[in-house]
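Asker: Give me a 3D structure for the following:
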Amino acid sequence: MMSRFLLLHCLILIFLFITTATANTSTITTDRDALLALKAHITHDPTNFFAKNWNTSICFCNWTGVTCDLHSHRVTVLNISSLNLTGPIPAQLGNLSSLQSLNLSCNRLSGSIPSAIFTIYTLKNVSLHKNQLSGQIPANICSYLPFLEVLSLSQNMLHGGIPSTLSNCTYLRILSLPYNNFLGAIPKEIGNLTKLKLLYIGVNRLQGEIPREFGNLAELERMSLATNKLQGMIINFLQFDSSLCLLLYSFVCSLIVFLSDGDKAPCLSSLISCFNLCR
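Answerer: Residues are numbered from 1 along each chain as shown. Predicted coordinates:
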């Protein structure tokens, strides 16, 4: 009786081992096929990057621009930036279900961004700037990317509105969307991104008031809203660092001595108003 029990136990362990090995092989094959789909969709590769560096005779984890997890052998980083590649982004990249960083920036990629990419739960960094991509940011983007820290889509041909649901990406540190064709108002919900350090949304077609909620962005270091059709003064909504204000005060004072008498009075009045806001 005991021998039968041990035999059954051994058979179960063997079955589990085979099942696990098969599953790992399947997911690894899925990653390889996703990368090969990208290679196949590139219509122009001026430096012959793929021919030189993505050789199917070696493991894809050793391909240039690809980083894999040491234990699972799943792709975690894909970086093929600044290669002047032409072509669309294939939807198969969405099958890289362990991907943490995607950098396809500084190429000439065109077409829309496949929605499948925005469903990779593990993604922390999406850098697609300086391409020729069109389309919209999905409204439910942060339902699938809860850990997103960097979203860089500048210098493309994206349009539509900036989704208010970006506020659900609570870990977002960098939001870069300038030089596109985004329309409408700036969502006030952006002010809920309290970890945001860089906010670039200039050179679009945005309209309306600058949200007062931007005053909640306590960790914000840099922001650009230029070349839109926005109203209001951001100086009223942001808290100034005292040392920065003193530096600004000293700098402007040093310039006033070079102004004509007629220009000094209005300049001094503006300086006093600004300094009062800083206190």
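
Asker: Show me what Val44 bridges to in the sheet.
Answerer: Check again: residue 44 is His, not Val. Thr86 (DSSP bridges).

Asker: Make residue 1 into 543 and carry on from there
Answerer: I'll keep to 543 as the first residue from here, and by that count the last item is His586.

Asker: now it: how far from Cys603?
Answerer: Plainly put, His586 is 26 Å away from Cys603 if you go by C-beta to C-beta, to the nearest Å. Bear in mind the C-beta positions are built from the backbone N, C-alpha and C, glycine included.

Asker: ranges for the strands of the stretch 693-821 of the chain?
Answerer: 699-703, 716-718, 723-726, 740-742, 747-751, 764-766, 771-773 (DSSP state E, counting those that start in this stretch).

Asker: Mind listing the strands the second one pairs with, and their directions?
Answerer: Yep, that's strand 716-718 we're talking about. strand 692-694 (parallel), strand 740-742 (parallel).

Asker: contacts for that strand?
Answerer: 671, 691-696, 708, 732, 735, 738-743 (C-beta atoms under 8 Å, 6 or more residues apart in numbering).

Asker: do the same with the fifth one
Answerer: Strand 747-751 is contacted by residues 704, 723-728, 767, 770-774 when judged by C-beta under 8 Å, 6+ apart.

Asker: try it again with 7 Å
Answerer: Residues from elsewhere that reach strand 747-751 (C-beta atoms under 7 Å, 6 or more residues apart in numbering): 723-728, 770-774.

Asker: ok, now the third one?
Answerer: Contacts of strand 723-726 from elsewhere in the structure, counted by C-beta under 7 Å, 6+ apart, are 699-704, 746-749.

Asker: how deep is the closest residue to Ser652 other than its chain neighbours tucked in, by neighbour count?
Answerer: Excluding its sequence neighbours, the residue lying closest to Ser652 (C-beta to C-beta, 6 or more residues apart in numbering) is Gln674, at 4.4 Å. For Gln674, the count of nearby residues is 13 (other C-beta atoms under 10 Å).

Asker: same thing with Ser654?
Answerer: With other C-beta under 10 Å as criterion, Ser654 counts 12.

Asker: likewise the one 3 residues further on?
Answerer: Burial of Ser657, expressed as a neighbour count using other C-beta under 10 Å, amounts to 14.

Asker: For it, give me the pLDDT.
Answerer: Listed pLDDT for Ser657 reads 93.

Asker: who's in contact with it?
Answerer: Pro680.

Asker: try 8 Å
Answerer: 633, 636, 680.

Asker: Quick one: the strands of the stretch 693-821 of the chain as TSV, columns for distance to Asn667 and mean pLDDT too.
Answerer: Output for these, formatted as TSV (distance: least, C-beta to C-beta, whole Å; pLDDT from 0 to 100):
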stretch	distance to Asn667	mean pLDDT
strand 699-703	18	96
strand 716-718	9	98
strand 723-726	21	96
strand 740-742	13	97
strand 747-751	25	94
strand 764-766	18	94
strand 771-773	28	87
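
Asker: what's the closest of those to Gly629?
Answerer: strand 699-703 (15.6 Å; C-beta to C-beta).

Asker: hmm, which of the contacts of strand 723-726 are the buried ones?
Answerer: Using 16 or more other C-beta atoms under 10 Å as the burial test, these include 700, 704, 746, 748 as buried.

Asker: and the nearest residue to the third one once chain neighbours are set aside, how many neighbours does it have?
Answerer: When the adjacent residues along the chain are set aside, Asn746 lies closest to Phe724, with 4.2 Å between them (C-beta to C-beta, 6+ apart). Close neighbours of Phe724, defined as other C-beta under 10 Å, add up to 22.

Asker: all strands for the stretch 543-692 of the chain, in order.
Answerer: Counting by DSSP E, counting those that start in this stretch, the strands of the stretch 543-692 of the chain are 608-610, 617-621, 628-630, 643-645, 650-654, 667-669, 674-677, 692-694.
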